[in-house]
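> Predicted model and sequence follow; I will ask about them next.
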Amino acid sequence: MISTHTHSNLIKWLEDSIRNNKLPFAKINISQNNNMIFSEMKEKNSNEYNDNNLYKIQSLTKPITSLVALIILNKFNIDVNEPIQNFISNFSNQKVLKNGDLENSNKDITFHHLLTHTSGITYGFRKSNQSILRGNTEADEEYRKVEILARIQNPNMTSDEFINNISSLPLAYHPGTRWNYGMSSDVLGVLLEKICNKPLNIIFKEELFDLLEMNNTHFAKKDLNNLFPTFKLTIPTGFKIIKDSNIIKYENKFKSGGGGLISTPEDYHKFCNFILNPNMTILNTKLVDMIKTNQIGTDLSYLSDGLNFYDFTYAGPGIGFTAGFSIIENPKLMSFKSPEKILSWAGSSNTIMWIDQKNNFVFSMFSQLIPFGYHNYKKELMDLIYSDNNLL
């Protein structure tokens, strides 16, 4: 249970963040033992968004895709180490781009590689020495040439077209050799469609959302109501609403397992609390361990080379990766207070969450602000909460 002092400090942090233009609005929820113990919403103009409750969660879609994948693998008795080319032949004979040459991949991409972002598939982010999301590998340049990120935003792109595009591009690394943030979860989503012979939105609903009563979580639909607008940070004046960001003009044919979901903090807490206490009739111990323990055999210290990384509060020294989440392995290497085994991830418009396995609680802060990472909200909030030393 968080202390009264921490409760007050969280409210003050929210109020100060709004007043000082660190956030346009935000909602913080904390649940413990599956009970909500803190829920506060603050905004610049009081009551402006009283009728809104839906958020674009972008990359917070990825852990959901991972969990549904584990459920499906269990259901169809598919081993996590099975090559994905057995289900999508396009991924036969993958090439790795290294020192300007294409060489044969020394391993087939498996489900395990996709779940842990060690497939070698990348994103094609803009090359940068400053951005949190870096695209500095040779393969990223090939992704940029074909504008793969823009293509998946096209509402007419299909799952098959996505696979034709992504499978024709080289890998940044040999599978299993390095964690690399990329489109692995999007490929995983298409695999689920092939295995189940159903669209991804139906699979998610039938296999997870109905079970957990996540009634407000779904892929973006045309004419969606109650969607929060997205703000863009402008210096020094504050924030600017991105025009029509509260409207879904088109329903994408391709359902992005890497970033396509709409949700609410309350629904996401249902998902996270399922991670803490999973239903063992649809999973087994091995698969549960995959999502709750480090699966990459090391930490992510090598991300300091600047080729590709997220944010060192999510991926870096002392941090590993499970089948869906970053995990803190060595709190002594963190720049913030934290117990061991915290699971966490975030979405690009500042929807952040973590699962505290020691104290059995879930934290989320949902906003709709880009760019991600201009302020390190996670560091500030973890320092605030874990200043209560009995939680460490």
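Happy to help now that I have it.
> so residue 363 touches residue 27, yeah?
No - judged on C-beta atoms under 8 Å, residue 363 makes no contact with residue 27 at a distance of 11.8 Å. The way it works is simple: take the backbone N, C-alpha and C, and place the C-beta from them, glycine included.
> These two - which one has more neighbours?
A count of neighbours by other C-beta atoms under 10 Å puts residue 363 above the other of residue 363 and residue 27, at 25 against 22.
> Using the three-state scheme, assign the more buried one.
Three-state call for residue 363 (DSSP: H, G, I helix; E, B strand; the rest coil): strand.
> Please name the residues that touch it.
Applying C-beta atoms under 8 Å, 6 or more residues apart in numbering to residue 363 gives the contacts 28-30, 353-354, 356, 381, 385.
> can you check residue 354 too?
342-344, 362-363, 378, 382.
> To which secondary structure element is it assigned?
Under the criterion of DSSP states H and E, residue 354 resides in strand 351-356.
> Please identify the pairing partners of that strand and their relative orientation?
Applying DSSP bridges, strand 351-356 is found paired with strand 343-347 (antiparallel), strand 361-366 (antiparallel).
> residues in contact with the shortest one?
Strand 343-347 is touched from outside by 56-63, 259, 275, 292, 311, 313-314, 322, 324-328, 352-355, 357, 372, 378, with contacts defined as C-beta under 8 Å, 6+ apart.
> pLDDT (mean, whole number) over that strand?
The average pLDDT within strand 343-347 is 97.
> re earlier: write a ChimeraX command that selects only the buried members of the contacts of strand 343-347.
In ChimeraX, a selection of the buried entries from the contacts of strand 343-347 looks like this (16 or more other C-beta atoms under 10 Å):
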select :56,57,58,59,60,61,62,63,259,275,292,311,313,314,322,324,325,326,327,328,352,353,354,355,357,372,378
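> I figured residue 230 hits residue 367, correct?
No - the criterion here is C-beta under 8 Å, and residue 230 misses it with residue 367 at 9.3 Å.
> Give me the common contacts of those two.
Both residue 230 and residue 367 are in contact with residue 349, where contact means C-beta under 8 Å, 6+ apart.
> So of the contacts of residue 363, which two are at opposite extremes in space?
Based on C-beta to C-beta, the longest span within those runs between 28 and 356 and measures 14.4 Å.
> Which residue lies closest in space to residue 253, excluding its sequence neighbours?
With sequence-adjacent residues excluded and distances taken as C-beta to C-beta, 6 or more residues apart in numbering, residue 253 is closest to residue 158, at 5.1 Å.
> what does residue 254 give?
residue 157 (4.7 Å).
> which stretches of the chain form helices?
4-19, 61-75, 111-115, 138-145, 148-151, 159-167, 184-196, 200-204, 210-212, 265-276, 285-292, 377-385 (DSSP state H).
> In the first one, which residues are buried?
Neighbour-count burial for helix 4-19 flags 6, 9-10, 13-14, 17-18 (criterion: 16+ other C-beta under 10 Å).
> Now do that helix against strand 361-366, angle only.
If you take axes from the mean of the first three to the mean of the last three C-alpha atoms, to 10 degrees, helix 4-19 sits at 10 degrees to strand 361-366.
> which helices and strands does helix 4-19 pack with?
With contacts defined as 3 or more C-beta pairs under 8 Å, 6 or more residues apart in numbering; DSSP states H and E, helix 4-19 has these neighbours: strand 25-32, strand 35-43, helix 377-385.
> Mind doing that once more with 6 Å?
Contact here means 3 or more C-beta pairs under 6 Å, 6 or more residues apart in numbering; DSSP states H and E; on that basis helix 4-19 packs against strand 35-43.
> So which bits of the strand it packs on are buried?
By neighbour count on 16+ other C-beta under 10 Å, the buried set for strand 35-43 is 38, 42-43.
> again, but for stretch 173-186
For stretch 173-186, a neighbour-count test (16+ other C-beta under 10 Å) marks 173-176, 178-186 as buried.
> As PDB, could you dump the C-alpha coordinates of that stretch?
The C-alpha trace of stretch 173-186 is given here as PDB (Å, rounded to 0.1, in the frame of the first residue of the first chain):
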ATOM      1  CA  TYR A 173      21.500  -8.600 -36.900                       C
ATOM      2  CA  HIS A 174      21.500 -12.400 -37.000                       C
ATOM      3  CA  PRO A 175      18.500 -13.700 -35.000                       C
ATOM      4  CA  GLY A 176      19.200 -14.300 -31.400                       C
ATOM      5  CA  THR A 177      22.300 -12.200 -31.200                       C
ATOM      6  CA  ARG A 178      21.000  -8.800 -30.100                       C
ATOM      7  CA  TRP A 179      17.900  -7.000 -28.800                       C
ATOM      8  CA  ASN A 180      16.700  -4.500 -31.400                       C
ATOM      9  CA  TYR A 181      13.500  -2.500 -31.200                       C
ATOM     10  CA  GLY A 182      11.600  -3.200 -34.400                       C
ATOM     11  CA  MET A 183       8.500  -4.600 -36.100                       C
ATOM     12  CA  SER A 184       8.700  -8.000 -34.500                       C
ATOM     13  CA  SER A 185       5.300  -7.600 -32.800                       C
ATOM     14  CA  ASP A 186       3.700  -6.700 -36.100                       C
END
